[in-house]
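Visitor: I'd like to go over a predicted model; first the sequence, then the structure.
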Amino acid sequence: MILILASQQDPGAAALVAGWAGARLLTPADLSLPGWALAAGPSSGTGPAAGRGIADGEPFGTDQVRCLVSLLASVEAADLTWMSPEHREYVASEMTSFLGHWLTTLDHRCLVAPSYASLAGPCPPTAAWAAAAGVPLATDDDADAPRALVTVVGDQVFRVGGSQTCKIDEALTRRLCRMAASQGVALLSAVVTREPGDPLGRLEAVLSAPVVRTTEVRLAVRDLVADRDRNALMEVAS
């Protein structure tokens, strides 16, 4: 089973799961349903001590999960529309804490390991990301520059929003992929700015939770998970 952890308000997540054999969407709404149990003992989520959860409103065993892709950095109060407004902030915080621990029980089955600051991956300062990419950090002077939102999937970079006049060429693609690889991350999104004639572009922000709003990105994510499965089978066979 492949789990996609995302907000139920993320249309890209629903489209990613649709038609993907073996994939199920796990949202904050599922955390409100009975049937969850944390893994206990040395199995770390597999074997007789495996935990249980709910995805798409249906139960699953933790030992059934072969890969989890997180499109969610944290649970937000706005995700919890079925709860009384005065309780949403607290419950969102508790859900985020629970998920942070639960993802650690999945260990290597998370496509990108969570961090203390995000359910979707590492969160170093933007300046550190920019240094890894070898591009300047955006400043207030770049406020009016063309910008683009891009998603890195493995060794590919896709424009998913922003201005078409912000050039995303092969050189910038290589730098952004190198930036992701510096943290061992196969999936993230970033905001870049680039004036015409700028040889490098500038990095404005990095989002640990990837944006999968286009068909091209969703297909690339599926391929990335499939490649991961093939490599795992090859390792077992060898």
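Guide: Thanks, I have the structure now.

Visitor: Just the pLDDT at the residue of the chain most remote from its centre, thanks.
Guide: Of all residues in the chain, Gly197 has its C-alpha farthest from the mean position, at 32.1 Å, by C-alpha atoms, centre = their mean. Among the per-residue scores, Gly197 shows a pLDDT of 88.

Visitor: quick check, it in a helix?
Guide: No: counting by DSSP: H, G, I helix; E, B strand; the rest coil, Gly197 is located in no helix; its state is coil.

Visitor: distance of Ala77 from Leu26?
Guide: Distance, Ala77 to Leu26, by C-beta to C-beta, to the nearest Å: 19 Å. All C-beta spots, glycine's among them, are computed from the backbone N, C-alpha and C.

Visitor: Neighbour count: those two, which is higher?
Guide: Leu26 (25 against 15; other C-beta atoms under 10 Å).

Visitor: residues contacting that one?
Guide: Leu3, Ile4, Leu5, Ala6, Gly53, Ile54, Ala55, Asp56, Leu68 (C-beta atoms under 8 Å, 6 or more residues apart in numbering).

Visitor: Just put those in TSV and tack on pLDDT.
Guide: Listed next are the contacts of Leu26 as TSV, based on pLDDT from 0 to 100:
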residue	pLDDT
Leu3	98
Ile4	98
Leu5	98
Ala6	97
Gly53	95
Ile54	96
Ala55	96
Asp56	94
Leu68	97
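
Visitor: Turn these into a markdown table, columns for secondary structure, neighbour count and distance to Asp229.
Guide: Converted to a markdown table, the contacts of Leu26 look like this (DSSP: H, G, I helix; E, B strand; the rest coil; neighbours: other C-beta atoms under 10 Å; distance: C-beta to C-beta, whole Å):
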| residue | secondary structure | neighbour count | distance to Asp229 |
| --- | --- | --- | --- |
| Leu3 | strand | 27 | 14 |
| Ile4 | strand | 28 | 15 |
| Leu5 | strand | 25 | 18 |
| Ala6 | coil | 25 | 20 |
| Gly53 | strand | 21 | 21 |
| Ile54 | strand | 19 | 24 |
| Ala55 | strand | 22 | 19 |
| Asp56 | coil | 15 | 21 |
| Leu68 | strand | 22 | 13 |
